[in-house]
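A.B. asks: give me the fold of what follows.
(chains A and B)
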Amino acid sequence: GDSVTQMEGPVTLSEEAFLTINCTYTATGYPSLFWYVQYPGEGLQLLLKATKADDKGSNKGFEATYRKETTSFHLEKGSVQVSDSAVYFCALRRDNFNKFYFGSGTKLNVKP
Amino acid sequence: NAGVTQTPKFRVLKTGQSMTLLCAQDMNHEYMYWYRQDPGMGLRLIHYSVGEGTTAKGEVPDGYNVSRLKKQNFLLGLESAAPSQTSVYFCASSPLPPNIQYFGAGTRLSVL
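C.D. replies: Numbering: from 1, shown residues only, chains lettered A, B, ... in the order given. Predicted structure coming up:
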């Protein structure tokens, strides 16, 4: 079945460090891929998405590239800020399907 | 800018009690979803709806019932609460096609 695997957290970085959060997926066909972010005490909100192979999603300095050959969608940011501290979820949705599949989430702590 | 509103925000139940969680969206979205979030397990889909009057089971439907009598509302019921249902519950909605989900702020439920 469809599934998403994320790297275990928490990830602790100093401000201005480079961030990578790994995400790999299993799905038939050509799913759309998403990164959601959850700030403390809030619901999830969409950070970025990509709908086909080699697409790059980007938002607020975060980027992720849809790599079909490695079934991956790793999240990167060149210089993290304290305000980026949150839980990040990778997710997929197969075309013509109504359901989303979420990874287990990766908590990011950024220290000043 | 209400978006997706969940009520209540917090609730404590005793084993065997019943309750209903309400989700309301004001974006005229067709799809609505109920998830539970548990530590280390990410989001798991309980039930979802692809339109008014329709519901379908997700990944973990046992012990829950849902209804979508009005397009804007999606109710999640627990008939006889169990400690295993202690969790944070999130509602989400999506337009057609479901390329993005909008989440509520969550309901934290404790079953003693």
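
A.B. asks: quick one: residues contacting B:Tyr56.
C.D. replies: One correction, residue B:56 is Ala, not Tyr. Applying C-beta atoms under 8 Å, 6 or more residues apart in numbering or on different chains, we find B:Ala56 in contact with B:47-50. Every C-beta, even on glycine, is put in place using the N, C-alpha and C of the backbone.

A.B. asks: in strands, which of these fall?
C.D. replies: Counted as lying in strands by DSSP state E, out of these, are B:47-49.

A.B. asks: tell me the one among these nearest to chain A.
C.D. replies: B:Tyr48 (6.6 Å; C-beta to the nearest C-beta).

A.B. asks: surely that closest one touches B:Pro61?
C.D. replies: No - at 9.8 Å, B:Tyr48 does not count as touching B:Pro61 under the criterion of C-beta atoms under 8 Å.

A.B. asks: with neighbour numbers in mind, choose between the two.
C.D. replies: B:Tyr48 (25 against 16; other C-beta atoms under 10 Å in any protein chain shown).

A.B. asks: read off the pLDDT value for the more buried one.
C.D. replies: The model reports B:Tyr48 with a pLDDT of 95.

A.B. asks: again, but for B:Asn1
C.D. replies: 64.

A.B. asks: check contacts around B:Val111.
C.D. replies: Contacts of B:Val111 (C-beta under 8 Å, 6+ apart): B:12-15, B:81-86.

A.B. asks: quickly find the element holding A:Phe89.
C.D. replies: In the assignment (DSSP states H and E), A:Phe89 maps to strand A:86-93.

A.B. asks: the following helix or strand past that strand: partners in the sheet, and parallel or antiparallel?
C.D. replies: Downstream of strand A:86-93, the next assigned helix or strand under DSSP H and E is strand A:101-102. Applying DSSP bridges, strand A:101-102 is found paired with strand A:86-93 (antiparallel).

A.B. asks: how many residues are close by B:Val4?
C.D. replies: 22.

A.B. asks: OK, contacts around it?
C.D. replies: A:43, B:23-25, B:27, B:91-93, B:102-104 are the contacts of B:Val4 under C-beta under 8 Å, 6+ apart.

A.B. asks: now the residue in chain A positioned nearest to chain B: closest residue in space that isn't a chain neighbour?
C.D. replies: Going by C-beta to the nearest C-beta, chain B is nearest to A:Gly43 of chain A, at 3.4 Å. Counting by C-beta to C-beta, 6 or more residues apart in numbering or on different chains, A:Gly43 lies nearest to B:Phe103, which is 3.4 Å off, once chain neighbours are set aside.

A.B. asks: next: A:Ser104.
C.D. replies: Per C-beta to C-beta, 6+ apart, closest to A:Ser104 is B:Gly42, 4.0 Å.

A.B. asks: what's the pLDDT at the one you found?
C.D. replies: So B:Gly42 comes in at 82 (pLDDT).

A.B. asks: and it, how far from A:Thr51?
C.D. replies: Per C-beta to C-beta, to the nearest Å, B:Gly42 is found 22 Å from A:Thr51.

A.B. asks: looking at those two, which one has more neighbours?
C.D. replies: Using other C-beta under 10 Å, the more surrounded residue of B:Gly42 and A:Thr51 is B:Gly42, with 21 against 15.
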